[in-house]
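Student: my questions are about this predicted structure, shown below with the sequence.
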Amino acid sequence: MNLPNKISIFRMCCMPVMVLLFFLPIPYGIGVFCALAVYVVGSLSDFVDGHIARKYNLITDFGKFIDQIADKALSTAALIMVLFSGVIEWNWACAIVLIIIVSRDVIVGGVRQVAANKGVVIAAGWTGKIKSNFIDVGVGILITFVGLCRVLKDSGTSIKFISYIGFSGVVIGAVLSLVSCIEYIIKALPFLKETNDKNA
């Protein structure tokens, strides 16, 4: 249990704390902003554990596993929180984005497993790395918008531009998720085809 793995587990623990703070009936949006602080700390810890693991050669199979789980759990839970906050104007669009992001992760996970069974590691493309940044920042802005709505005690009509900015970031992240998924499938096609030929 090296330091990067401990940081990843810490990020996993951030998720339930963030959700609890977000939905607790704490007045003046304090709970939401505390949840935002936990989300930011958890998201930044992803860069910290990755940097430490690469710099000191502490990359392990368990670390790869727990890092992926922690990342997805934190960002997905945060997006679901925003979806159920009741102040986002396009809940249906947020739901579609959430489905795209989760579906991409499931497909990529399956593709990676097939490649791993062949002893091949498929390197992440630049789209996969950048999409996480867009989603993290976009969701953070949306949580900020929800908190400001609680402070103002209204639907945030005067500050809706903030939600537009946040939602734009999440949509860009979803589009990049689709592109990243296609990249993984293209890279894995030779191994998928080989598997199908053997099973035929």
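Tutor: Thanks, I have the structure now. Residues are numbered from 1 along each chain as shown.
Student: wait, what's in contact with the most centrally placed residue in the chain?
Tutor: With distances taken as CA atoms, centre = their mean, the residue of the chain nearest its centroid is S75 (3.3 Å). Counting by CB atoms under 8 Å, 6 or more residues apart in numbering, S75 touches S43, I101, S132, I135, D136, V139. For the C-beta atoms, the positions are set from N, CA and C on the backbone; glycine is no exception.
Student: run the last query once more with 6 Å
Tutor: Residues in contact with S75 (CB atoms under 6 Å, 6 or more residues apart in numbering) are I135.
Student: same question, G166
Tutor: Applying CB under 6 Å, 6+ apart, the residues near G166 are G138, I141, L142.
Student: list phi and psi for it.
Tutor: phi -60, psi -40 (degrees, to the nearest 10).
Student: and the nearest residue to it once chain neighbours are set aside, what's its pLDDT?
Tutor: Among residues not flanking G166 along the chain, I141 sits closest, at 3.2 Å (CB to CB, 6 or more residues apart in numbering). What the model reports for I141 is a pLDDT of 95.
Student: secondary structure class for I141?
Tutor: Assigned with DSSP: H, G, I helix; E, B strand; the rest coil, I141 falls in the helix class.
Student: skipping adjacent residues, who's closest to A73 in space?
Tutor: Nearest to A73 is M15, by CB to CB, 6+ apart, at 4.9 Å.
Student: isn't that neighbour right up against A77?
Tutor: Yes: with contact defined as CB atoms under 6 Å, M15 counts as touching A77 (5.0 Å).
Student: what average pLDDT does stretch 2-9 get?
Tutor: Mean predicted confidence for stretch 2-9 is 89.
Student: how about residues contacting it?
Tutor: Contacts for stretch 2-9 (CB under 6 Å, 6+ apart): S45, V48, D49, I52, A53, L58, G63, I66, D67, A70.
Student: between the residues you listed, which is closest to I30?
Tutor: S45 (22.7 Å; CB to CB).
Student: pull out the buried positions in the helix or strand where the closest one lies.
Tutor: Here S45 sits within helix 30-55, counting by DSSP states H and E. By neighbour count on 16 or more other CB atoms under 10 Å, the buried set for helix 30-55 is 31-36, 38-39, 42-43, 45-46, 49-50, 53.
Student: where does this structure have low pLDDT?
Tutor: 120-125, 154-156, 191-200 (pLDDT under 70).
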